[in-house]
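Enquirer: Sequence and predicted structure, then a few things I'm wondering about:
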Amino acid sequence: MADLRNYQTGQGYQSRVATAGYGDASIDAGLRAYMLRVYNLMALGLVITGVAAWGFFNIAVTSDPSLGVAQVRDGVFLTQIGATLWMSPLKWVVMLAPLAIVFFMSFRVQTMSVPAAQTTFWVFAALMGLSLSTIFLVYTQTSIVRTFFITASAFGALSLYGYTTKRDLSAMGTFMVMGLFGLIIAMIVNIFLQSSALQFAISAIGVLVFSGLTAWDTQRIKEMYYEADDDATMGRKAIMGALTLYLDFINLFTFLLQFLGNRE
């Protein structure tokens, strides 16, 4: 799902820093509240994705041959629901719907109310859960959980660095975006080549790219804070910031899973 990262967060917003500086106590308090809101929205989005993925997996597969319509591995069968969404053309709708919502939010968020934007984000997170539910067919549950916590630890450290560093990460971010475009091209090429060596390289580059983007995006989201914003503007910024970090986390997780995941 690396292609989901290809968009401009909070299109049209200016990256502004308060003229009074971040040393002012009221600005510091406002910034902390703003960033906490971003992280809380992102975390809730991840919870919705995880619940949706696990819930759908449990209704999409069965161990009872009499209830299954197709066998996917020893002792595991797809139910009619699973076969409909994973083996029919409808699977493309499930895969592409999250991307469509990302573009929709990127271009329309400024005209949306905060509740509407937040609801759209929840819908996006749930659809991502449906799209990612197939990982439970490929990898063991233990390795999925282990990789999730490794991703969470790495993401936390990278985001903390982006938040606290005084260094301007713009140059690194630009380089990472260029790497992202190259990554997307390589992924498209490998659809036809089916090269295991190229897939390994894609996974390694993907981890590096989204590690860098996590730090850069955190710094950009922090710099988007402006204490004079009204509640609606601040809310939309927080939602788009949460969406940005959510995508960084999900992509980092999926690429790490290709390295660390134990296949069924």
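Expert: Structure's in. What do you need?

Enquirer: Which neighbouring elements make contact with the helix or strand harbouring residue 184?
Expert: Assignment of secondary structure by DSSP states H and E places residue 184 within helix 170-193. Applying 3 or more CB pairs under 8 Å, 6 or more residues apart in numbering; DSSP states H and E, we find helix 170-193 packed against helix 196-223. Every residue, glycine included, has its C-beta placed from N, CA and C.

Enquirer: From residue 201, how far off is residue 189?
Expert: For residue 189, the distance to residue 201 equals 11 Å [CB to CB, to the nearest Å].

Enquirer: what do you get for residue 160?
Expert: From residue 160 across to residue 201, the span is 29 Å (CB to CB).

Enquirer: just the helices in the chain please.
Expert: All helices of the chain, identified by DSSP state H, fall at 25-60, 80-86, 90-108, 114-132, 135-138, 141-164, 170-193, 196-223, 231-260.

Enquirer: rewinding a little: what's the angle from the helix holding residue 184 to helix 196-223?
Expert: 150 degrees (axes from the mean of the first three to the mean of the last three CA atoms, to 10 degrees).

Enquirer: avg pLDDT for helix 170-193?
Expert: What helix 170-193 shows for mean pLDDT is 92.

Enquirer: tilt between it and helix 141-164?
Expert: 150 degrees.

Enquirer: Now helix 170-193: buried residues?
Expert: Residues of helix 170-193 classed as buried: 173, 176, 179-180, 183, 186, 190 (neighbour count, 16 or more other CB atoms under 10 Å).

Enquirer: so residue 85 touches residue 94, yeah?
Expert: Yes: between residue 85 and residue 94 a contact is recorded at 5.8 Å, counting by CB atoms under 8 Å.

Enquirer: Find the residues that touch each one of those two.
Expert: residue 130 (CB atoms under 8 Å, 6 or more residues apart in numbering).

Enquirer: what's the farthest-apart pair in the buried residues of helix 170-193?
Expert: The largest separation in the buried residues of helix 170-193, counting by CB to CB, is between 173 and 190 at 25.4 Å.

Enquirer: Averaged pLDDT, stretch 78-86. What do you get?
Expert: 89.

Enquirer: Low-confidence stretches in the stretch 1-150 of the chain?
Expert: Across the stretch 1-150 of the chain, the ranges flagged by pLDDT under 70 are 1-27.

Enquirer: Not counting sequence-adjacent ones, nearest residue to residue 134?
Expert: Once flanking residues are discounted, residue 134 sits nearest to residue 86: 6.6 Å by CB to CB, 6 or more residues apart in numbering.
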